[in-house]
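[1] Pasted the sequence and its predicted model underneath.
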Amino acid sequence: MAKFELDTEFVRKLAAILEETKLGEIELADGERRIRVVRPAAPVAQAAPVMMAAAPATVPATAVPAAGDLSKHPGVVKSPMVGTAYLAPEPGKPNFVAVGDKVIAGQTLLIIEAMKTFNPIKAPKGGTVTQILIENALPVEFGEPLMIVE
């Protein structure tokens, strides 16, 4: 078996491309040799506390209950999975919904990207969006309150 020579400068260039393009990984193959460069997942995990601290700022100042109370709110829409939440269908497009919008049951409220699949999160019932508890393009956890529809 031939020794695999690692060109560290080439790996650094691939890492720079990942950073520039905000891609999660790059994989190249040449015959039997393969190189896979993956951006560390740690920054995503670190972003979660920032989201929690910043979320109340996006919510109207009228009665923001404690986080524990939101999960029991009768109109809460919870995340069915771990992933990255997007409030708009794609960058530069308007959000699916805004605070004050009337929605019908089954209407898409946001999407969550999990394992490179975009999953629509639909309104469980009709009503008015009274709170959006998350920020765009940040990670969410399973069961995390996303929105309130009353």
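    Structure's in. What do you need?

[2] quick one: low-confidence ranges for the protein?
    1-6, 39-69 (pLDDT under 70).

[3] Can you list the residue ranges for helices in it?
    Ranges of helices within the chain are 8-21, 42-58, 67-70, based on DSSP state H.

[4] which residues does the residue nearest the centre of the chain bridge with?
    Residue closest to the average C-alpha location in the chain (CA atoms, centre = their mean): residue 84, at 1.6 Å. In this entry, residue 84 is beta-bridged to residue 113, residue 139, by DSSP bridges.

[5] who touches it in this structure?
    44, 112, 113, 114, 137, 138, 139, 140 (CB atoms under 8 Å, 6 or more residues apart in numbering). Yep, even glycine has a C-beta here, placed from its N, CA and C like the rest.

[6] Please pick the buried ones from those residues.
    Neighbour counting with 16 or more other CB atoms under 10 Å marks 112, 138, 139, 140 as buried within the contacts of residue 84.

[7] Including distance to residue 9, could these go into TSV?
    Output for those, formatted as TSV (distance: CB to CB, whole Å):
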residue	distance to residue 9
112	38
138	34
139	33
140	38
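
[8] Determine which two of the residues you listed are furthest apart.
    112 and 138 (11.0 Å; CB to CB).

[9] Touching both of the two, which residues are there?
    Joint contacts of residue 112 and residue 138 (CB under 8 Å, 6+ apart) are 84, 85.

[10] tell me the domain ranges of the protein?
    8-38, 56-149 (automatic domain parsing).

[11] who touches residue 29 in this structure?
    By CB under 8 Å, 6+ apart, residue 29 lies in contact with residue 35.
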